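1. with the input below, show me the fold.
(2 chains)
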Amino acid sequence: MSDTPSAPASQDFIREMIATDVADQRNDGWVITRFPPEPNGYLHLGHAKSICLNFGLSEENGPKARCHLRFDDTNPTKEEVEYVDSIMEDVKWLGFDWGDHLFYASDYFEKLYGFAVSLIKKGLAYVDDQTHEQMRATRGTLTSPGTASPYRDRSVEENLDLFARMRAGEFKEGERVLRARIDMASPNMNMRDPAIYRILHAHHHRTGDAWCIYPMYDYAHPLSDALESITHSLCTLEFEHHRPLYEWLIANVDGLPGQPYQREFARLNLTYTLMSKRKLLKLVKEGLVNGWDDPRMPTISGIRRRGYTPEAIRSFCKIIGLTKYPSLTELGLLEHSVREDLNKHAQRVYAVLRPIKVVLSNYPEGQVEHVELVNNPENEADGKRLVPLSRELYIDADDFMETPSVGFHRMVLGGEVRLKYAFCIICQEVIKDADGNITELRCTYDDATRHGAKPVGRPKVKGTIHWVSAAHALDVEVRLYDKLFTVEQPDEQAGEEGDFTQFLNQESLQIISAKIEPSVATAKPGSHFQFERVGYFFTDPKDSQLGKPVFNRTVQLKDGFVKK
RNA sequence: UACCUCGUGGUGUAAUGGUAACACAGGAGAUUUUGAUUCUCUCGUUCAAGGUUCGAGUCCUUGCGAGGUAACCA
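-> Sure, this is the predicted structure:
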């Protein structure tokens, strides 16, 4: 594929390592990676990082490369088909394709069982009758070695018999476990005779009731990798300590088609959010958000519904890089990525989020004109549209100040402001209700300042604001989303036993009714827009109907104006 | 008071023993009928101490700091 020898600018430590392997013709030059989620929840941005890495590697390494999607479904008590489906949808949405290489660890149950039998025969695995508590007590601690189980030296025959009876369902959950026979004194806790099979009388979403013993991750994962001829098994840092066990299994199980190795990278941490499946599940279960695809969630389905694009996510994953340093990435970087993409592609429309009525007292009653507006200044091919303008309009409350702060150059009483692509107006009178709330602004417009006209000898008008015609505007529901938490690291702040939900941002969702130009009536669900001078918005794919769109705020526009 | 891993501007990353750089964020300005975009400029960095070397962010030693690890979870 890469026939141009122009050296890539820089590579992360994993790509560097893989490039060396390819150059050395390790595995005949093949690069086979895998993305191995457990179907026990929805994918989030942390998974996106892993997906971009694993599938990205496949794209980058030409014809001798591929990436498998494998469901690590070894714990039937937590897994559901719903999650399998959503994971496939999310990977596809990000723009990746596993082709024919869709696998399930559960497809290997019979082979994995056979490997376990072979380990028993080699004297490298044994059935332990100890209770869960006994096993924990004899494992030792971080600073002291463990002690051997009284069942550690059972004969091969007895182990074989017991393991077969485990499979046959003769024992209750917790009564017996199959352990690898390694080293109870290892400084690495994972090597102190880890459990590799446990009894679970549970219904599996794919194998049904065929099994009542299930392999542990530490056992199933390396062997599944090897069975699929994976060359590079990439995972996050918390599995570093599992690497020796991974290698132990690859070395001690005979007849494996592949010899994969594992390397680890730092997981993604983002400010003002959480990336733990368990905690995200809690938010969903307790109704603190509206489901896994709530636009405030860092799930792929959540940010998709928020209006993020696959391009933005992939660009973000590229920017954050790949290291072993446990970094904390600013949410701003993610927002930058989506603004960058949407700026190029989103159609512009005028929308007034918090309307104030403006009446142009010198504009003829009943007259309607149509102003031609550019759909996207970043792309001329997107064309133009006509937007109605009449005597009564709405402007945004943020664009008027009765007592303006320093540097404010939008509308003020007695001041002139430009209605974008229409003409300039001067506010003559502020009308209020009995409570002092502004109900209407009486203004006059100046016909000499129409778009295209270049009146000489007038001071340049600093402010330009957007508007919608009152009689023509559509009332639409707009959901203003903000960060989910009020602190940068809700997890950290809450501490070990603390409750992270105390840091939920109570204003993370505001639902308002906005006035918007009529052109959006035909907007399809799932369309991106820029509300000029406001932000990027996305027509909610679930709740929008043709002619009645519902908008989710993806992200605000950057605002250079700071009130002093 | 074990073991493993990691320490580069505010944040995220690059520099593969040879001039410490890029992006985001921040600041200033220009352009702008979006206080957006775009464009300029700017701010600011190798955890510490020794050692090896002509030369160290990079290699070595020690210290300090951070993260991870004791499910029949993944």
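2. tell me the contacts of A:A523?
-> By CB atoms under 8 Å, 6 or more residues apart in numbering, A:A523 lies in contact with A:529, A:539, A:544, A:549. Just so you know, the C-beta spots here come from the backbone N, C-alpha and C atoms, and that holds for glycine as well.
3. identify the bridge partners of the second one.
-> Pointing back at A:T539 there. A:F551 (DSSP bridges).
4. pull the number of nearby residues for it.
-> For A:T539, the count of nearby residues is 23 (other CB atoms under 10 Å).
5. one more: the last one?
-> Neighbouring residues of A:P549 were enumerated by other CB under 10 Å; the total is 25.
6. so it is in contact with A:V476, correct?
-> Yes. With contact defined as CB atoms under 8 Å, A:P549 reaches A:V476; the gap is 5.9 Å.
7. now the common contact residues for the two.
-> A:V520.
8. ok, so of the contacts of A:A523, who is nearest RNA strand B?
-> Within the contacts of A:A523, the smallest distance to RNA strand B is 11.0 Å, found for A:F529 (CB to the nearest atom of the strand).
9. contacts for the helix or strand where that closest one lies next, please.
-> Element membership for A:F529 (DSSP states H and E) is strand A:528-531. The contact list for strand A:528-531 (CB under 8 Å, 6+ apart) reads A:307, A:309, A:342-343, A:345-351, A:353, A:516, A:520, A:523, A:536-539, A:551, A:554, A:557.
10. mind redoing it with 7 Å?
-> Here strand A:528-531 makes contact (CB atoms under 7 Å, 6 or more residues apart in numbering) with A:307, A:342, A:345-349, A:351, A:536-538.
11. do the same with stretch A:299-314
-> Stretch A:299-314 is contacted from outside by A:42-44, A:48, A:52, A:86, A:90, A:93-95, A:280, A:292-296, A:337-338, A:341, A:481, A:528, A:536-538, A:540-541, A:552, A:554, using CB under 7 Å, 6+ apart.
12. let's see that with 8 Å instead.
-> A:42-45, A:47-48, A:52, A:86, A:89-90, A:93-95, A:280, A:292-297, A:334, A:337-338, A:340-342, A:345, A:481, A:528, A:536-538, A:540-542, A:552-555.
13. mind listing which of these are in strands?
-> Judged by DSSP state E, strands contain the following of the contacts of stretch A:299-314: A:481, A:528, A:536-538, A:552-555.
14. ok so A:Q428 is a strand residue?
-> Yes. Looking at A:Q428 with DSSP: H, G, I helix; E, B strand; the rest coil, it is inside a strand.
15. ok, the residue lying closest to it once chain neighbours are set aside - contacts?
-> Distances taken as CB to CB, 6 or more residues apart in numbering place A:R442 nearest to A:Q428, at 5.1 Å, with adjacent residues excluded. Under the criterion of CB under 8 Å, 6+ apart, the neighbours of A:R442 are A:359, A:361, A:427-431.
16. tell me which element A:R442 falls in.
-> A:R442 belongs to strand A:438-446, assigned by DSSP H and E.
17. so in that sheet, which strands flank that strand, and in what orientation?
-> strand A:355-360 (parallel), strand A:424-432 (antiparallel).
18. between those strands, which one is closest to A:G498.
-> Ranking those by proximity to A:G498 (CB to CB) places strand A:355-360 first, at 42.2 Å.
19. past that closest one, which element shows up next along the chain?
-> Assigned by DSSP H and E, the successor of strand A:355-360 is strand A:368-374.
20. and the contacts of that following strand?
-> A:348, A:350, A:382, A:384-390, A:421-422, A:451, A:469, A:471-472.
21. now the two most distant members of these.
-> Longest span within these, CB to CB: A:D382 and A:A471, 26.8 Å.
22. related to what we said a few turns ago, who wins for most neighbours among the contacts of A:R442?
-> Busiest of these [other CB under 10 Å] is A:C427, holding 20 neighbours.
23. how about the lowest-mean-pLDDT helix or strand in chain A: buried residues?
-> Every helix and strand of chain A was ranked by mean pLDDT, DSSP states H and E. The lowest is helix A:490-494, at a mean of 89. Within helix A:490-494, the residues scored as buried using 16 or more other CB atoms under 10 Å are A:490-491, A:494.
24. quick check: next helix or strand after that helix?
-> Beyond helix A:490-494 toward the C-terminal end (DSSP H and E), the next one is strand A:509-516.
25. just the angle between that following strand and strand A:550-556, please?
-> 110 degrees (axes from the mean of the first three to the mean of the last three CA atoms, to 10 degrees).
26. how about the residues of the stretch 451-564 of chain A near RNA strand B?
-> With the criterion set to CB under 7 Å from any atom of the strand, the stretch 451-564 of chain A comes near RNA strand B through A:451-453, A:463-466, A:530, A:532-533, A:557-562.
27. the stretch 51-200 of chain A now?
-> So the stretch 51-200 of chain A meets RNA strand B at A:72, A:74-75, A:78, A:130-132, A:135-136, A:139, A:141-143, A:173-175, A:177, A:187-190, A:194-195, A:198-200 (CB under 7 Å from any atom of the strand).
28. can you give me the helices for chain A?
-> A:13-23, A:45-60, A:81-93, A:109-121, A:132-138, A:156-168, A:217-227, A:243-252, A:277-285, A:300-306, A:310-320, A:331-345, A:490-494 (DSSP state H).
29. just give me how far the last one sits from the chain centre.
-> Right, helix A:490-494. How far helix A:490-494 lies from its chain's middle: 20 Å, per CA atoms, centre = their mean, to the nearest Å.
30. dump the residue contacts of A:E175.
-> A:129, A:199 are the contacts of A:E175 under CB under 8 Å, 6+ apart.
31. how about low-confidence regions in chain A?
-> Scanning chain A with the threshold set as pLDDT under 70 gives A:1-10, A:454-457, A:563-564.
32. nearest to RNA strand B, of the contacts of strand A:368-374?
-> For these, the residue nearest RNA strand B by CB to the nearest atom of the strand is A:H451; the value is 3.2 Å.
33. the closest one against A:L419, yeah?
-> No. Using CB under 8 Å, A:H451 is not in contact with A:L419; the gap is 9.6 Å.
34. mind saving the C-alpha coords of stretch A:293-302 as CSV?
-> Extracted in CSV, the C-alpha atoms of stretch A:293-302 (Å, rounded to 0.1, in the frame of the first residue of the first chain):
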residue,chain,number,x,y,z
ASP,A,293,-27.7,7.5,24.1
ASP,A,294,-28.4,10.6,26.1
PRO,A,295,-26.5,13.3,24.2
ARG,A,296,-24.7,14.2,27.5
MET,A,297,-23.2,10.7,27.7
PRO,A,298,-19.6,10.1,26.5
THR,A,299,-20.9,6.9,24.8
ILE,A,300,-20.5,6.7,21.1
SER,A,301,-24.3,6.6,20.7
GLY,A,302,-24.6,9.6,23.0
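35. what's the farthest-apart pair in the contacts of A:R442?
-> So for the contacts of A:R442, where distance means CB to CB, the most widely separated pair is A:S361 and A:V430, at 13.4 Å.
36. close to RNA strand B: what parts of the stretch 201-350 of chain A are there?
-> A:214, A:216-218, A:220-221, A:237-242, A:266, A:319-330, A:332-333, A:336, A:339-340, A:343, A:348.
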